[in-house]
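Chemist: have a look at this prediction, sequence included:
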Amino acid sequence: MEAASNYNFVSIEMKKWIPKILFIAILLTMGNSFNCFAQDRFKNKPWLISYGVNLIIEDGNQFTVFANNEKIIWNISPFTFFIEKRLAKGFGIQGVIGSNIYATNQKIGGLTLEVPRDVVYTDFFGKFNFNSIWKDTNSFDPYLGIGPGYIFKGIGGEATANICFGFNQWVGRGDFAISLEGIYKFKVPLIETYTKDNIFQINLSLTHLID
């Protein structure tokens, strides 16, 4: 009971900070101009900041429901914030923090939720950007990443092993991009009560490059 209370406290405190982080990031990026030329976009190993929304699908039954065109219960209150450092030869490291709320009647771990449940997650990725191979940073910028994560779900937390694939679609010759990313999160059984259903997550965000 005490452990569940601690998880609730951590989840609530982290969730309070996520919108504040997004707001500060937006203010910072508004102060920068479109000063990055496409061919030189990554030569100085820049930082990338992203903020957007997410969709979290945890129960395998949701995939079946989607395929059968039945009613989908969407998440609510989706926040996602990324910060990435581009390194040499197409590699980079990325940290992520985000939150969502599982809505009432959503199926999680074979159970139907009677009340909404807060979800807060943090992920870390080592990434490889394929533009380093074909030397084209003009617009389409795909990448692949792997790394660990942790997800808080109100009543407890679970570790995950993650793999992601996504792309940045840069706008013209500027330093802004629209980013779309899919992450598959494998549950790691560190505790006896872990749920066996893995997680599929989709992130849609605005990315800003800071040289």
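Modeler: Nice, thanks for sending it over.
Chemist: can you give me the strands in the protein?
Modeler: For the chain, the strands defined by DSSP state E cover 47-57, 76-86, 91-102, 107-108, 111-112, 117-129, 140-152, 157-170, 176-188, 199-210.
Chemist: lowest-confidence stretch among the ones you listed?
Modeler: Mean pLDDT is lowest for strand 107-108 among the strands of the chain, at a mean of 69.
Chemist: dump the strands of the chain to JSON lines, plus mean neighbour count and distance to residue 41.
Modeler: (Each C-beta comes from the backbone N, C-alpha and C, glycine too.) JSON lines is the format used below for those (neighbours: other CB atoms under 10 Å; distance: least, CB to CB, whole Å):
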{"stretch": "strand 47-57", "mean neighbour count": "20", "distance to residue 41": "10"}
{"stretch": "strand 76-86", "mean neighbour count": "19", "distance to residue 41": "9"}
{"stretch": "strand 91-102", "mean neighbour count": "20", "distance to residue 41": "13"}
{"stretch": "strand 107-108", "mean neighbour count": "18", "distance to residue 41": "40"}
{"stretch": "strand 111-112", "mean neighbour count": "10", "distance to residue 41": "46"}
{"stretch": "strand 117-129", "mean neighbour count": "20", "distance to residue 41": "11"}
{"stretch": "strand 140-152", "mean neighbour count": "18", "distance to residue 41": "8"}
{"stretch": "strand 157-170", "mean neighbour count": "18", "distance to residue 41": "7"}
{"stretch": "strand 176-188", "mean neighbour count": "18", "distance to residue 41": "10"}
{"stretch": "strand 199-210", "mean neighbour count": "20", "distance to residue 41": "7"}
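Chemist: name all residues that make contact with residue 89.
Modeler: residue 132 (CB atoms under 8 Å, 6 or more residues apart in numbering).
Chemist: ditto for the one 5 residues further on
Modeler: Taking CB under 8 Å, 6+ apart as the criterion, residue 94 is in contact with 82, 83, 84, 85, 124, 125, 127, 145, 147.
Chemist: so which of these comes closest to residue 75?
Modeler: residue 82 (18.0 Å; CB to CB).
Chemist: can you name the residues bridging to that closest one?
Modeler: When bridges are called by DSSP bridges, residue 82 pairs up with residue 50, residue 96.
Chemist: for it, give me its contacts.
Modeler: So residue 82 contacts 48, 49, 50, 51, 94, 95, 96, 203, 205, 207 (CB under 8 Å, 6+ apart).
Chemist: likewise residue 77?
Modeler: 99, 100, 101.
Chemist: could you dump these to TSV with distance to residue 187?
Modeler: As requested, these are exported to TSV (distance: CB to CB, whole Å):
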residue	distance to residue 187
99	19
100	17
101	20
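Chemist: so which of those is the closest to residue 56?
Modeler: Once CB to CB is applied, the member of the contacts of residue 77 that ends up nearest residue 56 is residue 100, at 5.3 Å.
Chemist: so the closest one touches residue 76, yeah?
Modeler: Yes - contact criterion CB atoms under 8 Å: residue 100 and residue 76 qualify, at 7.3 Å.
Chemist: follow-up on the earlier one: ok, so of the contacts of residue 82, who is nearest residue 183?
Modeler: residue 203 (7.1 Å).
Chemist: tell me the spacing between the closest residue to the closest one other than its chain neighbours and residue 77.
Modeler: In space, and not counting its chain neighbours, residue 203 is closest to residue 181: 4.4 Å by CB to CB, 6 or more residues apart in numbering. As judged by CB to CB, to the nearest Å, residue 181 and residue 77 stand 19 Å apart.
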